[in-house]
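In: sequence first, then the predicted structure, then my questions.
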Amino acid sequence: MADQYARDGVDDSPRMLPVLRWEEPPDGAVVVLLDQTRLPADEVELVCTDVPALVRAIQSLAVRGAPLLGITGAYGVALAAARGYDVEESAGLLERARPTAVNLGYGVRRALDAYRAAAGRGEAEAAAAALMAAKELHRQDAEASARMAAHGLAFLDGLFPGGGHRVLTHCNTGALVSGGEGTAFAVALSAHRAGRLRRLWVDETRPLLQGARLTAYEAARNGLPYTLLTDNAAGSLFAAGEVDAVLIGADRIAADGAVANKVGSYPLAVLAKYHRVPFVVVAPTTTIDPGTPDGASIVVEQRSADEVTELAAPVLVSAAGQDGPSFGGRRTAPLGTQAYNPAFDVTPPELVTAIVTEEGVLSPVTREGVTEVCAKARRV
Ligand code: MRU
């Protein structure tokens, strides 16, 4: 396919604002988030002074993506502790904010465990312990991201020794979801830095356009050769022989290796199987949930019909003076239309060529293999 359809990225933008930072101004601790509902039009920060604000940010997707949800959950517990809110109740609110990404509960519990363990030494000590746990998770996620990028690139290079990888990705898996450079996107980025990324195909990712709004934004900032496509165009792209590998992230990986990720991932896996293209999942071990036995046991978040019956682009105006997300009211379907709007789908392990974690590459994907990875990462 001719590259005149492509828009090559340019790397002349200033550095992105931090996706999440902790601050302690004189009037109390805050969690500051880069509001992802406003990207790419505006880089605006959202200052959360309490846990309900953080929960709203999670539910509106101002902050999103599995690893970052874990980090946010941990800082949320630290925020509750620092501000003297009911920490146990706050932890519950945070953990229940969204159901599918296992990292959210993992991050919340890590900070909560640290808080509880230090509770005997007084409130201030317990709050400091929760914050230290959040910072540690943040740092570890950055480290995991770098290791996944290295393992993932080595795996791609092994599959295609000549380099020049043409990678298709879905949703957003870069620095916007991570303490580091992300998961699947971090692999594409390191391929690019090594001079071995020929093209990053970016699925727009209906209905909330994480691919168009966020992955294209990150690809442009990093100077990647990228091309945006509608989700529906992936089939003809495979048929044209333009995809060497699919790289996606994950929100939860069950004990049998089934992968929940942004809705639209499973159809890509089916396409990849038919066209004999490797389907590679890149996720930190914190995304593996040994307590979920299989794909059927994964709870898939169902979201509002408005996201489907109204144009998604107005998500960008969500913060313009309104409480919570608004989809702008530009209807594309008649009033009263019902919509099926799962946020995720589940890909069975037999369609997954490999799972890349910070511990290495699991291929083929088996229940035993997943157990071994968990043991290595001390996640049981
Ligand atoms: O609904 P979102 O935007 O939070 O969904 C995010 C995804 O599905 C990502 O692909 C997933 O969290 C992996 S990010 C490393």
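Out: Arrived safely, thanks for sending. Values in this document were obtained by computation on a predicted structure and should not be read as measured data. Numbers count the residues shown, from 1 in each chain.
In: assign the residue lying closest to residue 43 once chain neighbours are set aside to helix, strand or coil.
Out: Leaving out its chain neighbours, the residue that sits closest to residue 43 by C-beta to C-beta, 6 or more residues apart in numbering is residue 17, at 5.4 Å. Just so you know, the C-beta spots here come from the backbone N, C-alpha and C atoms, and that holds for glycine as well. Taking DSSP: H, G, I helix; E, B strand; the rest coil as the rule, one finds residue 17 in the coil state.
In: and for residue 202?
Out: Residue 202 - assigned by three-state DSSP - is strand.
In: so what pairs up with it in the strands?
Out: Taking DSSP bridges as the rule, residue 202 bridges to residue 169, residue 228.
In: ok, it touching residue 225?
Out: No: with contact defined as C-beta atoms under 8 Å, residue 202 does not reach residue 225; the gap is 10.9 Å.
In: these two: which is more packed in?
Out: residue 202 (27 against 16; other C-beta atoms under 10 Å).
In: look up how far the ligand lies from the more buried one.
Out: Using C-beta to the nearest ligand atom, to the nearest Å, residue 202 is found at 12 Å from the ligand.
In: can you pull the contacts of that residue?
Out: Residues in contact with residue 202 (C-beta atoms under 8 Å, 6 or more residues apart in numbering) are 169, 211, 212, 215, 216, 219, 226, 227, 228, 229.
In: turn those residues into TSV, including pLDDT, neighbour count and distance to the ligand.
Out: TSV is the format used below for the contacts of residue 202 (pLDDT from 0 to 100; neighbours: other C-beta atoms under 10 Å; distance: C-beta to the nearest ligand atom, whole Å):
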residue	pLDDT	neighbour count	distance to the ligand
169	98	27	9
211	97	28	10
212	95	21	12
215	98	30	10
216	97	24	14
219	97	27	15
226	98	25	16
227	98	21	19
228	98	20	16
229	98	18	17
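In: for the residues you listed, which one is nearest residue 286?
Out: residue 169 (20.3 Å; C-beta to C-beta).
In: surely that closest one meets residue 188?
Out: Yes: counting by C-beta under 8 Å, residue 169 sits close enough to residue 188 to count as a contact (6.6 Å).
In: okay, and the common contacts of these two?
Out: Contacts common to residue 169 and residue 188, judged by C-beta under 8 Å, 6+ apart, are 200, 247.
In: just the closest residue of this protein to the ligand, please.
Out: As assessed by C-beta to the nearest ligand atom, the ligand sits closest to residue 249 within the chain, at 2.7 Å.
In: just the pLDDT at that residue, thanks.
Out: Residue-level confidence at residue 249 comes out at 98, pLDDT.
In: distance from the chain centre to the lengthiest helix in the chain, please.
Out: Longest helix in the chain, counting residues (DSSP state H): helix 123-159. Per C-alpha atoms, centre = their mean, to the nearest Å, the displacement of helix 123-159 from the mean C-alpha position of its chain is 14 Å.
In: which other helices and strands contact it?
Out: strand 20-23, helix 66-82, helix 102-118, helix 184-193, strand 245-248, strand 279-282, strand 354-357, strand 360-362 (3 or more C-beta pairs under 8 Å, 6 or more residues apart in numbering; DSSP states H and E).
In: buried residues in it?
Out: If you call a residue buried by 16 or more other C-beta atoms under 10 Å, then helix 123-159 has these buried ones: 126-131, 133-135, 137-138, 140-142, 144-145, 147-149, 151-153, 155-156.
In: check those residues against the ligand, which are close?
Out: Among those, not one lies near the ligand by C-beta under 6 Å from any ligand atom.
In: how near is residue 154 to residue 83?
Out: As judged by C-beta to C-beta, to the nearest Å, residue 154 and residue 83 stand 44 Å apart.
In: kindly report the same for residue 201.
Out: 44 Å.
In: quick one: which of these two has more around it?
Out: Neighbours were counted for residue 201 and for residue 83 using other C-beta under 10 Å; residue 201 has more, 24 against 16.
In: if we ignore the residues flanking it in sequence, what's nearest the more buried one?
Out: residue 168 (4.1 Å).
In: number of residues surrounding the one you found?
Out: 27.
In: let's number from 517 now, not from 1
Out: Will do, 517 is the new start, and the previous item becomes residue 684.
In: per-residue confidence, it, what does it come out as?
Out: Taking residue 684 on its own, its pLDDT is 98.
In: residues in contact with residue 604?
Out: residue 628.
In: give me the pLDDT for it.
Out: The model's pLDDT for residue 604 equals 98.
In: run the chain-centre distance for whichever helix or strand it is part of.
Out: Residue 604 is located in helix 603-611, with elements delineated by DSSP states H and E. Offset of helix 603-611 from its chain centre (C-alpha atoms, centre = their mean): 22 Å.
In: could you export that helix as CSV, CA atoms only?
Out: Output of helix 603-611 as CSV, limited to C-alpha atoms (Å, rounded to 0.1, in the frame of the first residue of the first chain):
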residue,chain,number,x,y,z
VAL,A,603,-9.0,5.2,54.1
GLU,A,604,-10.8,1.9,54.0
GLU,A,605,-14.0,3.4,52.5
SER,A,606,-11.9,5.4,50.0
ALA,A,607,-10.0,2.3,48.9
GLY,A,608,-13.4,0.6,48.3
LEU,A,609,-14.6,3.5,46.2
LEU,A,610,-11.4,3.6,44.1
GLU,A,611,-11.3,-0.2,43.6
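In: give me the angle between that helix and helix 582-598.
Out: Helix 603-611 runs at 160 degrees relative to helix 582-598, counting by axes from the mean of the first three to the mean of the last three C-alpha atoms, to 10 degrees.
In: OK, contacts around the closest residue in space to residue 760 that isn't next to it in sequence?
Out: Leaving aside its chain neighbours, residue 760 sits nearest to residue 682 (4.7 Å; criterion: C-beta to C-beta, 6+ apart). Shown in contact with residue 682 (C-beta under 8 Å, 6+ apart): 714, 715, 717, 758, 759, 760, 761.
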